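Participant: Sequence first, then the predicted structure, then my questions.
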Amino acid sequence: MTLWLLILLTVSAPPVSHAKTASVTGSQPPNGELVRTHGGVEYPDPSQIAYAEIRTTTAYSPKETCPQGLIANCKNVRGKQPIAGISIACPRNLRLGTRVVIDGQTFTCDDHTSQRYDGRFDRFVSTYEEAITWGKKEMIVYILK
């Protein structure tokens, strides 16, 4: 089993000053697919990672952000409806369309967080209950190339 050590470099944008950078070790995944490592958590192929950081992650739902709490009334900064499990509001230093991996799930930066919460990753979920259940977590966020 080949071990790899990923030296984290900022390629597309420098990390926000309060972020911690993480280094990751593990086994080299075959064919660029996600690989299972400790505790069944999936990590992206190292060749796809621009850099990784430990960041605050939260979740939001239509209830607190969409007019009348309806997904049909929601629009993100790209002018599209956010999609639960795919859309995420990212820090302002990341370009819209950037892909990120959190907890083994790939998201697309479809919006930016408000200036007050800049530096967080805020994933879109279907229900307010899901958002509350997710809460606020410090997690490794992989920024993909």
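Facilitator: Nice, thanks for sending it over. Numbers count the residues shown, from 1 in each chain.
Participant: so which strand or helix has residue 55?
Facilitator: Taking DSSP states H and E as the definition, residue 55 sits inside strand 49-60.
Participant: likewise residue 78?
Facilitator: Counting by DSSP H and E, residue 78 is found in no helix or strand.
Participant: Return the residues in contact with the closest residue to it other than its chain neighbours.
Facilitator: Distances taken as Cβ to Cβ, 6 or more residues apart in numbering place residue 110 nearest to residue 78, at 5.4 Å, with adjacent residues excluded. All C-beta spots, glycine's among them, are computed from the backbone N, C-alpha and C. Remark: with contacts taken as Cβ atoms under 8 Å, 6 or more residues apart in numbering, residue 110 is in contact with 76, 77, 78, 80, 82, 83, 86, 87, 88, 89, 96, 124.
Participant: Would you agree the second one is in contact with residue 92?
Facilitator: No. With contacts counted by Cβ atoms under 8 Å, residue 77 stays clear of residue 92, the gap being 10.5 Å.
Participant: anything in contact with each of those two?
Facilitator: Joint contacts of residue 77 and residue 92 (Cβ under 8 Å, 6+ apart) are residue 112.
Participant: ok, these two, which is more surrounded?
Facilitator: Regarding residue 77 and residue 92, a neighbour count based on other Cβ atoms under 10 Å identifies residue 92 as having more, with 14 against 11.
Participant: how about the strands in the protein?
Facilitator: According to DSSP state E, the chain carries its strands in the segments 3-6, 20-21, 24-27, 35-36, 42-43, 49-60, 87-90, 99-102, 105-112, 121-124, 137-144.
Participant: Not counting its own residues, what contacts the lengthiest helix in the chain?
Facilitator: What stands out as the longest helix in the chain, according to DSSP state H, is helix 128-134. The set of residues external to helix 128-134 that reach it, using Cβ under 8 Å, 6+ apart, is 57, 58, 59, 60, 61, 63, 64, 123, 125.
Participant: Number of residues surrounding residue 71?
Facilitator: 16.
Participant: my guess is it meets residue 60, correct?
Facilitator: No. With contact defined as Cβ under 8 Å, residue 71 does not reach residue 60; the gap is 11.9 Å.
Participant: still on that earlier bit, okay if I get the strands of the chain as TSV plus distance to residue 130 and mean pLDDT?
Facilitator: Output for the strands of the chain, formatted as TSV (distance: least, Cβ to Cβ, whole Å; pLDDT from 0 to 100):
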stretch	distance to residue 130	mean pLDDT
strand 3-6	31	30
strand 20-21	27	45
strand 24-27	27	44
strand 35-36	24	48
strand 42-43	20	70
strand 49-60	6	95
strand 87-90	13	96
strand 99-102	15	95
strand 105-112	13	94
strand 121-124	9	96
strand 137-144	13	95
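Participant: Thank you, goodbye.
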